[in-house]
Each structure stands twice: as structure tokens, then as C-alpha cells.
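Student: Need the 3D shape of this:
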Amino acid sequence: MTQNGQLEPPPGTFLSPLLELREYYARLTEEYERLFVQARSQLDHVEALLSNWSFSDPNKQISRLTGADETSNLSPRKLSAVFITP
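Tutor: Numbers count the residues shown, from 1 in each chain. Have a look, this model is predicted:
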């Protein structure tokens with residue numbers, strides 16, 4: 001620590017690997033955010049198609065299973081998966 005109570009920067013031998021890790025995780029986060037947006041869009045499209053579906057056979061039903069989902073800021077929220085049972 002410095003005399004005014006602030007932390008000293010890490011030694012040069014640690015700084016380079018830390019900067020590389022920061023860049024690695026930043027790229028990884030951007031890629032997963034992109035994949036999440038793409039998957040969310042495709043799921044919304046499939047759910048919209050299924051919401052307009054009418055079954056001629058009353059024995060066929062659509063049941064929903066819930067799991068974990070994420071909003072645009074990646075916090076947990078409800079997710080639905082749709083299955084058609086015979």
C-alpha cells in the first residue's frame with residue numbers, strides 16, 4: 001500500500017497476464033451474449049409458431065417445462081421449453 005492508503009499496482013510480471021485474462025474474458029463474454037441473443041430470438045420465434053398451433057387430436061397436448069433463462073443483462077429469469085406429447 002502507498003502512504004495515502006491506495007493499493008500499489010501489481011508488479012510488471014503480473015500485469016501482462018492479468019491484462020491478457022481481462023481481454024480473454026471480455027471476448028468470451030461478448031461471444032456468449034451474442035449467442036444468447038440469437039438463441040432467445042429463435043426460441044421466441046418457435047414459441048410464436050406454437051402459440052398459433054391448433055390440434056385436431058385432443059389427446060395431443062403442449063406441455064411446458066420451466067428452467068433458467070437470462071434477460072438482456074444476463075440476470076436469471078423464467079425460460080420455457082415446449083414439448084408435444086403423443
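Student: Tell me how many other residues surround L7.
Tutor: Applying other CB atoms under 10 Å, we find 7 residues neighbouring L7. All C-beta spots, glycine's among them, are computed from the backbone N, C-alpha and C.
Student: Which secondary structure state is assigned to it?
Tutor: Look at L7: counting by DSSP: H, G, I helix; E, B strand; the rest coil, its state is coil.
Student: Tell me the pLDDT of it.
Tutor: pLDDT for L7: 85.
Student: For it, give me phi and psi.
Tutor: phi -70, psi 140 (degrees, to the nearest 10).
Student: T13 versus that one, what's the distance?
Tutor: L7 sits 17 Å away from T13, going by CB to CB, to the nearest Å.
Student: for L28, same thing?
Tutor: From L28 to T13 the distance is 24 Å (CB to CB).
Student: So between these two, which is more surrounded?
Tutor: Relative neighbour count places L28 above the other of L28 and T13, with 10 against 7, counting by other CB under 10 Å.
Student: and that one, how far is that from N52?
Tutor: Counting by CB to CB, the gap from L28 to N52 is 37 Å.
Student: remind me which residues of the chain are low pLDDT?
Tutor: Across the chain, residues meeting the criterion (pLDDT under 70) sit at 1, 54-86.
Student: Which stretches in it count as helices?
Tutor: Assigned by DSSP state H, the helices in the chain fall at 12-51.
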